[in-house]
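Dropping the sequence and predicted coords here.
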Amino acid sequence: MTAVPIPRSTPQPNEPALLGTTTETTPVFALKQLVARLQREHNKIQDLLSSLGFALRSFNNLNQFLELIPLIATRVTDADGSVLVLFKPNGQIRLEQIHCQNGQQSQEIRKALEMAIRQITIPLPKKGSNSRAITKITSTETSNTPTGFATLEALIGNVLGQDIHLFGTAILIKNNERGRLYVFSRDPEYNWSETRQKLVRLVADQTSVAIENDELTVELRKKERLDRELEIGAEIQLRLLPRQCPTIAGVELAAKCQPANRVGGDYYDFIPTNHESIRHKNISNEMEPWGVAIADVMGKGVPAGLIMTMTRGMLRAEVLNGHSPARILQHLNRAMYADLENSHRFVTLFYSEYDPSNGILSYSNAAHNPPLLWQAQSNTIKRLDTLGMLIGLDADTRYQDGQVQLNPGDTIIYYTDGFTEAANQNGDRFDEENLAKAFQWAAQNCSDSQAILEYLFEQVQQFIGPGNCNDDDMTLIVMKIKPTQ
């Protein structure tokens, strides 16, 4: 007898399924496929954004980074293409980058956009305005973007064609709109979900960071060049000041200039009064007269330093003419008047000449802080001053000559207003009265001119507070007549 097989509706364990059947129901299988596809999309987006972050950290060329922006924006949103436009400071628009899935189409769109963009100017929104917007451009709808951008939105829509799903978001740097990133799709079923909008904004924010970093790098390089130029200027200015005090019969000299910035406006000089002394590099007969000058240019920094350099050259030239101090200042004022008037800066200057053969100091003052003379015999302080306006204020200003007989032990300090204007934390000034008291004590108790100079600088520093810096240049010359042996 032949056995008849019994039909089965389900396969037995380890038995292959019949052709056309499945071990899972159709809804479950479709769900798994959807989850797998979403996971792949999620991984793709993560990879693209990671690549963009890597490029932001690695690229030194902004243009190379900007080339990636439309590409990344298109792929993370599964759109058809993207357009990046940047705004110039004058409101003109520059088409920076464009990407389309169809390469040939990308070139056509670029040409059309470039031709149209040249004809419009965007009035940039005010600082802090909300300029992120979403637009669906059709043949009948108008843009709902902020005022001033409707023209740009419509222009892009006209170039791309009708029924375009277009999303635009701002490139913001410090709340200032510097450009826009547009992403578009022609798919009728395409929609700008909240997730897609967030992804485009994320790409736009990365673009903002890249542009700001590039601008900061440019500014840093400019600052480095400026710092280097300031270093060179400070070095040149330092070399223009006397390297050492000259040797004058019967006189001890000490001098110091302490600029508040790298380039300062204070100036002091020891000037030989004849050509032979200059020819032999300031090495002259100890009994010959010497000019002693101190000046202060109104203002600080590089402009003051340039005027100081000009003052030095002109003063040295005038001294060689052999005129009196007042006539020297008068000629200097006329020569510098036009340049100083145009620069709106002025110079205070005190010029003196000491003759060691008779101990007479001749001087004239152009509104500078009067030097203080401590007279050893009477233990009193005298101000050395004459009438005269600032250099560069009035071309017809006339200056006066003054003279004083210096005796053994007498000491003079020439100083700039950095001493008397130095302020402490309470706002009090180290005025001329405090300077005179400190000078009188130093003249009686310090052994030489260098010790007097160091003591006075120390007193000012203690007044403004240890570790604090003065806001103004400080220059001091100490001239002491040696006591009779």
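Thanks, I have it. Residues are numbered from 1 along each chain as shown.

Packing partners of the helix or strand where residue 254 lies?
If you go by DSSP states H and E, residue 254 is part of strand 251-258. Contacts defined by 3 or more C-beta pairs under 8 Å, 6 or more residues apart in numbering; DSSP states H and E place strand 251-258 against strand 266-272, helix 449-464, strand 474-481. Backbone N, C-alpha and C define where each C-beta goes, glycine included.

what comes into contact with stretch 94-112?
With contact meaning C-beta atoms under 8 Å, 6 or more residues apart in numbering, stretch 94-112 is reached by 66-67, 69-71, 73-74, 80-88, 113-114, 117, 159-160, 179.

Now intersect the residues you listed with the strands, please.
81, 82, 83, 84, 85, 86, 87, 179 (DSSP state E).

what's near enough to touch the fifth one?
Just to be clear, that refers to residue 85. Contacts here follow C-beta under 8 Å, 6+ apart; on that basis residue 85 touches 93, 94, 95, 96, 117, 152, 179, 180, 182.

How about the first one?
With contacts taken as C-beta under 8 Å, 6+ apart, residue 81 has the following neighbours: 70, 74, 98, 99, 100, 101, 105, 106, 109, 183, 184.

Report the two of those separated the most.
Spatially, the most separated pair among the contacts of residue 81 is 105 and 183, at 15.1 Å (C-beta to C-beta).

So for those two, which sits in the more crowded spot?
Legend: neighbour count by other C-beta atoms under 10 Å for residue 105 and residue 183, higher for residue 183 (28 against 14).

The more buried one in helix, strand or coil?
The three-state label for residue 183, taken from DSSP: H, G, I helix; E, B strand; the rest coil, comes out as strand.

Kindly reformat the helices and strands packed on strand 251-258 as CSV containing mean pLDDT, mean neighbour count and distance to residue 192.
As requested, the helices and strands packed on strand 251-258 are arranged in CSV below (pLDDT from 0 to 100; neighbours: other C-beta atoms under 10 Å; distance: least, C-beta to C-beta, whole Å):
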stretch, mean pLDDT, mean neighbour count, distance to residue 192
strand 266-272, 92, 23, 66
helix 449-464, 95, 18, 63
strand 474-481, 95, 25, 66
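
so which of the ones you listed gets nearest residue 383?
strand 474-481 (15.1 Å).

who does the closest one pair up with?
Paired neighbours of strand 474-481 in the sheet (DSSP bridges): strand 251-258 (antiparallel), strand 411-415 (antiparallel).

Return the most buried member of those strands.
Neighbour counts (mean count of other C-beta atoms under 10 Å) averaged over each of these peak at strand 411-415, with a mean of 26.

What's the first helix or strand after that one?
Beyond strand 411-415 in the direction of the C-terminus, DSSP H and E gives the next helix or strand as helix 417-420.

Just the C-alpha atoms of that next one, please, in PDB.
Listed next in PDB are the C-alpha coordinates belonging to helix 417-420 (Å, rounded to 0.1, in the frame of the first residue of the first chain):
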ATOM      1  CA  ASP A 417      54.300 116.400  33.400                       C
ATOM      2  CA  GLY A 418      54.300 112.700  33.800                       C
ATOM      3  CA  PHE A 419      55.700 113.300  37.300                       C
ATOM      4  CA  THR A 420      53.300 116.000  38.400                       C
END
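
Mind giving me the packing neighbours of that helix?
Helices and strands touching helix 417-420, by 3+ C-beta pairs under 8 Å, 6+ apart, are helix 432-445, strand 474-481.

Let me see the residues that make contact with that helix.
Against helix 417-420 from outside (C-beta under 8 Å, 6+ apart): 258, 260, 266, 296, 369, 429-432, 435, 456, 460, 470, 472-476.

Output the strands paired with strand 474-481 as a markdown table; include the columns distance to residue 395 and mean pLDDT.
Formatted as a markdown table, the strands paired with strand 474-481 follow (distance: least, C-beta to C-beta, whole Å; pLDDT from 0 to 100):
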| stretch | distance to residue 395 | mean pLDDT |
| --- | --- | --- |
| strand 251-258 | 29 | 94 |
| strand 411-415 | 26 | 97 |
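
Chain neighbours aside, what residue packs nearest to residue 308?
Leaving aside its chain neighbours, residue 308 sits nearest to residue 267 (4.6 Å; criterion: C-beta to C-beta, 6 or more residues apart in numbering).

who touches that neighbour in this structure?
241, 257, 293, 294, 295, 296, 297, 308, 311, 312, 475.

same thing but at 10 Å, please
237, 240-241, 257, 293-297, 304-305, 307-309, 311-312, 315, 347, 349, 416, 473, 475 (C-beta atoms under 10 Å, 6 or more residues apart in numbering).

before we move on, back to that, so which of the helices and strands packed on helix 417-420 is nearest residue 245?
Checking the helices and strands packed on helix 417-420 against residue 245 by C-beta to C-beta gives strand 474-481 as the closest, at 8.6 Å.

Next, the angle helix 449-464 makes with the closest one.
In terms of direction (axes from the mean of the first three to the mean of the last three C-alpha atoms, to 10 degrees), strand 474-481 departs from helix 449-464 by 150 degrees.

report the angle between the axes of strand 474-481 and strand 266-272?
Using the same axes, to 10 degrees: strand 474-481 against strand 266-272 is 30 degrees.

So what's the gap between strand 474-481 and the chain middle?
A distance of 36 Å separates the centroid of the chain from that of strand 474-481, by C-alpha atoms, centre = their mean, to the nearest Å.

Give me the angle between it and helix 432-445.
Between strand 474-481 and helix 432-445, the angle comes out at 40 degrees (the same axes, to 10 degrees).
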